[in-house]
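In: The amino acid sequence is not available; the structure is as follows:
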């Protein structure tokens, strides 16, 4: 037993060392990016790298002057809000439908959700680009938020449904005996009891939309250009403008990192429940 | 509990989802399929050409190279992420103090957009000015050109994807490990199994359904890779890191060869579809066997 305890201690020490190394490897690029965003070009390119330097705010201030950057940030806020509202509002009903009823075509609907989620973006984007050019929805917030549903809606339906499964059946029965219709049952039983799960779904959907590039790149140009597209526009100029590129990246990451700190519990819950019980 | 008599209500509540999905997935998928039989290049020319786009594509060496590269990327990135993610989960599962904060810190990459991961990796992996090469040289290793040569670019983008998505595997495996029943693990320990044996003989088999789900999600997701490659190599050098989605993007938006782009996507979608359906079948079979 003594040997066992020794071995346990050694293993735990090793576990801490490996975790520490993993954390360093995980955080290093982000910290480095932050340092480049605060360095003069000369400091950023210095060899050996300057670990101690005088931080400057020029790159961040420069972003304010960069045409379209602030607008892109606000566009992302709008599109994310709109996309999350669409996804959750529609998915709560669809999840209730799948959870509560057996209907013809239920299995087909499930397969459709999975395929919409899994098929490659460009299969959908190119015809949507053509359609949007025709009907004037190209480069609009609503057009973009709508196309995001091809990914967000299946995700939200699937996740909210797995949270609905956790609601005790007795409560549903009780509501029905009390004479509640479906809308009332949904409103007074399922939504309140699954509220943490629905919040988790909303948060994960928001993160996904905020970070999405592929669809935004193809369906927006200027009026609805999102933050990721604005950041991507630094691609190619990297050799000359590392500072501003890093500053733009930090601005784009910051809201999500703040989110992660405050909503960590929900994020983990959403990510894990989805795949453990899906 | 489901009541088979209220079909009508069921259709009403799923109707909005069906409508939105019809517009955003069914319509464009059918449109892509239809347009792949034409020779439309965003101009007036619009003739039915039957299977010519498909035959042209099958005859082009570029298409096959890109297809192979897409799978190479997906298989290597998924394998790397699974191994690293499982290893990390096992390690963090052993921790007593600080496990919560360590888990939070390890999750950060999932909060970062792919395009930012790409630009960030361009900065740290710059062949001349990047910090990574500086560290390599300082430690006596040869520097690497990373994204710069056809020989190293693919390995580099795979590594970048692993930095980004290992956390996804990690968090789900960790939750899986923590939800395992304690009795079989205790029993194995009492029988004198060390933690390595316990992991491979007891825990890993119990995690099989979870691992299977992760495997499929990572496979599909890596097959569809776009931003990591778009933001770093743009498919280059030459076409050494071009994958299906960047190929479609280039064809559609750089060359306005709409029909060709859609043909690429129809073929690729059929491949992804096949993999998804195999997954559904396998999962059903696993359910039947009571895993």
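Out: On my side now, so go ahead. Given the structure is predicted, the values throughout are model-derived calculations rather than measurements.
In: Break down the stretch 51-200 of chain A into its helices, ranges please.
Out: Secondary structure of the stretch 51-200 of chain A (DSSP state H, counting those that start in this stretch): helices at A:58-65, A:69-100, A:106-118, A:121-135, A:141-147, A:149-164, A:169-177, A:182-185, A:191-193, A:195-211.
In: Next, see if the next helix or strand along the chain from the last one gets close to chain B.
Out: By that I understand helix A:195-211. Toward the C-terminus, helix A:195-211 is succeeded by helix A:214-219 as the next helix or strand (DSSP states H and E). Yes. Interface with chain B: helix A:214-219 contributes A:214, A:217-218 (CB under 8 Å from any CB of the partner chain). In this view, the C-beta of every residue, glycine as well, is placed from N, C-alpha and C.
In: roughly how far apart are the residue nearest to residue B:235 when sequence neighbours are not counted and chain A?
Out: Excluding its sequence neighbours, the residue lying closest to residue B:235 (CB to CB, 6 or more residues apart in numbering or on different chains) is residue B:242, at 3.8 Å. Residue B:242 sits 14 Å away from chain A, going by CB to the nearest CB, to the nearest Å.
In: Distance of residue B:242 relative to residue B:225?
Out: 11 Å (CB to CB, to the nearest Å).
In: who has more neighbours, the two?
Out: Using other CB atoms under 10 Å in any protein chain shown, the more surrounded residue of residue B:242 and residue B:225 is residue B:225, with 25 against 20.
In: Quick check: that one vs chain A, distance?
Out: From residue B:225 to chain A the distance is 10 Å (CB to the nearest CB).
In: Only the buried residues of the lengthiest helix in chain B, if you could.
Out: The helix that spans the most residues within chain B, counting by DSSP state H, is helix B:61-93. Neighbour counts over helix B:61-93 (16 or more other CB atoms under 10 Å in any protein chain shown) mark B:63, B:66-67, B:69-70, B:73-74, B:76-82, B:84-93 as buried.
In: that older thread, now, which of the residues of helix A:214-219 next to chain B sits nearest chain B?
Out: residue A:214 (4.7 Å; CB to the nearest CB).
In: list the contacts for residue A:232?
Out: A:213, A:217, B:115, B:119, B:230-231 (CB atoms under 8 Å, 6 or more residues apart in numbering or on different chains).
In: May I see the residues of helix A:214-219 next to chain B arranged in JSON lines, with pLDDT as well?
Out: As requested, the residues of helix A:214-219 next to chain B are exported to JSON lines (pLDDT from 0 to 100):
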{"residue": "A:214", "pLDDT": "95"}
{"residue": "A:217", "pLDDT": "94"}
{"residue": "A:218", "pLDDT": "94"}
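In: Output those residues in TSV, with neighbour count appended to each entry.
Out: Formatted as TSV, the residues of helix A:214-219 next to chain B follow (neighbours: other CB atoms under 10 Å in any protein chain shown):
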residue	neighbour count
A:214	23
A:217	23
A:218	23
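In: Wait, the residue nearest to residue B:235 touches residue B:64, no?
Out: No. Contact between residue B:242 and residue B:64 fails when scored by CB atoms under 8 Å: they sit 11.7 Å apart.
In: picking that back up, switch the helices of the stretch 51-200 of chain A over to CSV; also include mean pLDDT, mean neighbour count and distance to chain B.
Out: Formatted as CSV, those follow (pLDDT from 0 to 100; neighbours: other CB atoms under 10 Å in any protein chain shown; distance: least, CB to the nearest CB, whole Å):
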stretch, mean pLDDT, mean neighbour count, distance to chain B
helix A:58-65, 91, 15, 13
helix A:69-100, 96, 21, 4
helix A:106-118, 91, 17, 4
helix A:121-135, 94, 21, 4
helix A:141-147, 96, 22, 6
helix A:149-164, 94, 25, 4
helix A:169-177, 87, 13, 5
helix A:182-185, 88, 16, 6
helix A:191-193, 91, 15, 13
helix A:195-211, 93, 22, 4
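In: Please identify which of those helices is closest to residue A:26.
Out: helix A:195-211 (16.9 Å; CB to CB).
In: The closest one to helix A:69-100, inter-axis angle?
Out: 140 degrees (axes from the mean of the first three to the mean of the last three CA atoms, to 10 degrees).
In: what angle separates helix A:195-211 from helix A:149-164?
Out: Going by the same axes, to 10 degrees, helix A:195-211 makes 160 degrees with helix A:149-164.
In: in the host helix or strand of residue A:254, what counts as buried?
Out: Element membership for residue A:254 (DSSP H and E) is helix A:242-262. Residues of helix A:242-262 classed as buried: A:242-253, A:255-256, A:259-260 (neighbour count, 16+ other CB under 10 Å).
In: so what does that helix touch, helix or strand wise?
Out: Applying 3 or more CB pairs under 8 Å, 6 or more residues apart in numbering or on different chains; DSSP states H and E, we find helix A:242-262 packed against helix A:2-37, helix A:41-45, helix A:58-65, helix A:69-100, helix A:195-211, helix A:227-232, helix B:99-107, helix B:114-124.
In: from the chain's centre, how far out does that helix sit?
Out: Remark: helix A:242-262 is offset 14 Å from the chain centroid, using CA atoms, centre = their mean, to the nearest Å.
In: Over to stretch B:39-53?
Out: 32 Å.
In: What's the end-to-end length of it?
Out: 8 Å (CA to CA, to the nearest Å).
In: averaged over its residues, what pLDDT does that stretch have?
Out: Per-residue pLDDT over stretch B:39-53 has a mean of 89.
In: what sits up against stretch B:27-38?
Out: A:119, A:123-128, A:130-131, B:46-51, B:53-54, B:258-259, B:262-263, B:265-266, B:269.
In: show me the contacts for residue 130.
Out: I went with chain A, as the question did not name one. By CB under 8 Å, 6+ apart, the contact list for residue A:130 reads B:31, B:258.
In: Switch to chain B, please.
Out: B:123-124, B:146.
In: Mind listing what's buried along the helix-or-strand element of chain B with minimal mean pLDDT?
Out: Of all helical and strand segments in chain B, the minimum by mean pLDDT, DSSP states H and E falls on helix B:195-197, at a mean of 80. Across helix B:195-197, burial judged by 16+ other CB under 10 Å covers residue B:195.
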